[in-house]
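*Asks:* generate a structure from the sequence data that follows.
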Amino acid sequence: MKQAFQKLGKSFAQVATEIGCSKPTLINVINHGTFPKRNGNALRQQIQDYFQQYGIDVSDCLKPMPTTKKETEMLLRKSALSQATRQHFGLTRDPFHDEIRQAQDVYLTPDVRYVREALFQTATQGGFMAVVGESGAGKSTLREDLHDRIARENRPIIVIEPYVLAMEDNDQKGKTLKAVHIAEAILASVAPDVSPKRSPESRFRQVHQALIESAKAGNKHILLIEEAHSLPIPTLKHLKRFFELKQGFERLIGIALIGQTELAQKLSENNPSVREVVQRCELVTLLPLTDGKLQGYLKHKFERVGVKIEDILDESAIDEIAKRLTVTSRNSKNALQQNSLLYPLAVNNLVSAAMNEAANVGFAKVDADIVKGV
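*Replies:* Reported below is the predicted structural model:
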């Protein structure tokens with residue numbers, strides 16, 4: 001269909017007007033072979049007749065295709081800019097793939113800036129916090145930024161990160177992270193040359209003493225646990241006891257949990273089994289790129305690779321991106337509510353797909369119709 005359309009030598013807008021359909025509908029047909037559910041067969045015949053006027057047979061291209069699982073998935077799949085797309089828009093590198101290479105590459109919204117500073121204060125002063133966000137909200141980026149800042153400022157802070165490769169909140173789905181494993185991780189980071197004691201009592205005493213000696217040497221400590229939504233409830237309760245390890249009035253270790261929204265549910269005020277943790281743990285949430293933050297985010301991304309946003313996207317495209325990544329659903333009371341998916345990863349994937357589509361059809365910029373068509 002793309003080859004047949006190129007033979008016409010006309011724009012999408014012109015052909016759509018002559019056929020009598022919308023431009024986004026025509027783009028979907030030509031580039032993806034998808035037809036509207038309503039009057040789809042009639043549109044097939046109209047398009048076939050239109051191409052036939054110019055001596056182009058597209059009957060084989062217009063045969064209905066079976067719907068596959070891939071076609072019905074939400075647009076959250078990874079999408080990277082092709083070489084042809086980068087050349088089309090004059091980009092030397094992809095602004096959305098492996099793009100965080102230094103602290104200046106991180107786009108700081110007010111809530112991201114707050115979380116960034118809160119994590120650093122937890123590392124330097126001690127504290128107990130949980131960072132919660134949807135998948136792709138930028139949680140891992142903030143963890144990497146903390147590591148980078150500690151190294152860049154040459155701070156005497158020891159970051160303790162237990163391995164969570166197979167961690168689940170029960171032993172049926174994976175391996176649970178227990179207090180004894182956290183103790184081993186602390187000891188391995190703070191006193192790597194010391195062999196852990198066999199008994200739990202001796203080992204925890206050993207951990208406490210190792211933290212005291214490290215603090216006397218001028219070090220600060222932060223226990224950083226990613227994928228914390230997979231922590232079992234007993235381990236969450238035990239974290240309070242690690243947090244209370246002190247030398248006099250000085251806390252020996254800060255704790256930062258990073259996880260998806262399930263972590264907030266586990267740390268709910270309505271969960272009496274973790275009340276001791278809830279009373280001590282600050283819960284902060286990474287918010288979507290709403291309220292004008294989307295345009296600032298995309299402007300920052302393009303500027304980091306040396307191009308202007310207005311050379312890539314027009315204003316209608318930005319508005320349509322916001323619409324595409326806003327989902328309307330019904331809550332438990334059957335009332336309509338809107339949920340935003342405007343998180344960095346989802347935005348990156350949608351914009352990359354739209355740019356690939358624009359380059360493929362020869363558009364100078366991405367507009368709303370292109371975004372609708374991907």
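*Asks:* does R149 touch V106 like I think?
*Replies:* No. Under the criterion of C-beta atoms under 8 Å, R149 makes no contact with V106, lying 10.4 Å away. To be clear about C-beta, it is placed using only N, CA and C from the backbone, and glycine gets the same treatment.
*Asks:* which residues do those two both contact?
*Replies:* The contact sets of R149 and V106 do not overlap (C-beta atoms under 8 Å, 6 or more residues apart in numbering).
*Asks:* ok, these two, which is more surrounded?
*Replies:* Each of R149 and V106 has its neighbours counted (other C-beta atoms under 10 Å); V106 has more, 19 against 16.
*Asks:* surely that one touches I100?
*Replies:* Yes. If you go by C-beta under 8 Å, V106 and I100 touch, sitting 6.3 Å apart.
*Asks:* shared neighbours, those two?
*Replies:* With C-beta under 8 Å, 6+ apart, V106 and I100 have common neighbours T141.
*Asks:* please enumerate the helices of the stretch 201-350 of the chain.
*Replies:* 233-243, 261-266, 275-278, 293-303, 315-324, 344-361 (DSSP state H, counting those that start in this stretch).
*Asks:* so for the shortest one, mean pLDDT?
*Replies:* The average pLDDT within helix 275-278 is 90.
*Asks:* other SSEs contacting that helix?
*Replies:* helix 233-243 (3 or more C-beta pairs under 8 Å, 6 or more residues apart in numbering; DSSP states H and E).
*Asks:* who touches the most centrally placed residue in the chain in this structure?
*Replies:* The centre of the chain sits closest to G136, judged by C-alpha atoms, centre = their mean, with a distance of 0.8 Å. Listed by C-beta under 8 Å, 6+ apart, the contact set of G136 reads 76, 343-346.
*Asks:* any idea which of those is least confident?
*Replies:* Among the contacts of G136, L76 has the weakest pLDDT, 58.
*Asks:* that older thread, just the helices of the stretch 201-350 of the chain: most buried one?
*Replies:* helix 344-361 (a mean of 22; mean count of other C-beta atoms under 10 Å).
*Asks:* which stretches of the stretch 51-200 of the chain form helices?
*Replies:* For the stretch 51-200 of the chain, the helices defined by DSSP H, counting those that start in this stretch cover 69-72, 83-89, 110-125, 139-152, 179-190, 200-216.
*Asks:* of these, which is nearest D319?
*Replies:* Within the helices of the stretch 51-200 of the chain, the stretch nearest D319 is helix 83-89; the backing value is 20.0 Å (C-beta to C-beta).
*Asks:* okay, now G292: neighbour count?
*Replies:* By other C-beta under 10 Å, the burial measure for G292, its neighbour count, is 9.
*Asks:* and it, how far from K299?
*Replies:* 11 Å (C-beta to C-beta, to the nearest Å).
*Asks:* from L62, how far out is G33?
*Replies:* 8 Å.
*Asks:* more crowded one of those two?
*Replies:* L62 (18 against 14).
*Asks:* pretty sure the more buried one contacts L43?
*Replies:* No. Taking C-beta under 8 Å as the definition, L62 is not a contact partner of L43, at 9.3 Å.
*Asks:* and the pLDDT at T285?
*Replies:* On the pLDDT scale, T285 gets 92.
*Asks:* check contacts around the closest residue in space to it that isn't next to it in sequence.
*Replies:* If the residues on either side of it in the chain are set aside, T285 comes closest to V132, at 5.0 Å by C-beta to C-beta, 6 or more residues apart in numbering. Applying C-beta under 8 Å, 6+ apart to V132 gives the contacts 259-261, 263-264, 283-286.
*Asks:* hang on, the earlier thing: anything in contact with each of G33 and L62?
*Replies:* Contacts common to G33 and L62, judged by C-beta under 8 Å, 6+ apart, are M1.
*Asks:* thinking again about what came up before, gap between the residue nearest to T285 and E227?
*Replies:* V132 is 12 Å from E227, by C-beta to C-beta.
*Asks:* now for these two: what residues contact both?
*Replies:* G259.
*Asks:* which residues does the residue nearest to I150 when sequence neighbours are not counted form beta bridges with?
*Replies:* Leaving aside its sequence neighbours, I150 sits nearest to I157 (C-beta to C-beta, 6+ apart; 5.0 Å). Beta-bridge partners of I157, counted by DSSP bridges, are K220.
*Asks:* return the distance of I157 relative to V366.
*Replies:* Separation of I157 from V366 (C-beta to C-beta) stands at 43 Å.
*Asks:* those two: who's more crowded?
*Replies:* Between I157 and V366, counted using other C-beta under 10 Å, V366 has the larger neighbour count: 26 against 19.
*Asks:* so what pairs up with the more buried one in the strands?
*Replies:* L313.
*Asks:* sorry, back to before: tabulate the contacts of V132 (CSV), appending distance to R198.
*Replies:* Formatted as CSV, those follow (distance: C-beta to C-beta, whole Å):
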residue, distance to R198
G259, 32
Q260, 36
T261, 39
L263, 33
A264, 37
L283, 37
V284, 39
T285, 42
L286, 41
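*Asks:* closest one of those to S82?
*Replies:* Nearest to S82 among the contacts of V132, counting by C-beta to C-beta, is L286 at 29.9 Å.
*Asks:* can you count the residues close to the closest one?
*Replies:* L286 has 22 nearby residues by other C-beta under 10 Å.
*Asks:* check contacts around it.
*Replies:* Shown in contact with L286 (C-beta under 8 Å, 6+ apart): 111-112, 115, 131-134, 137-139, 343.
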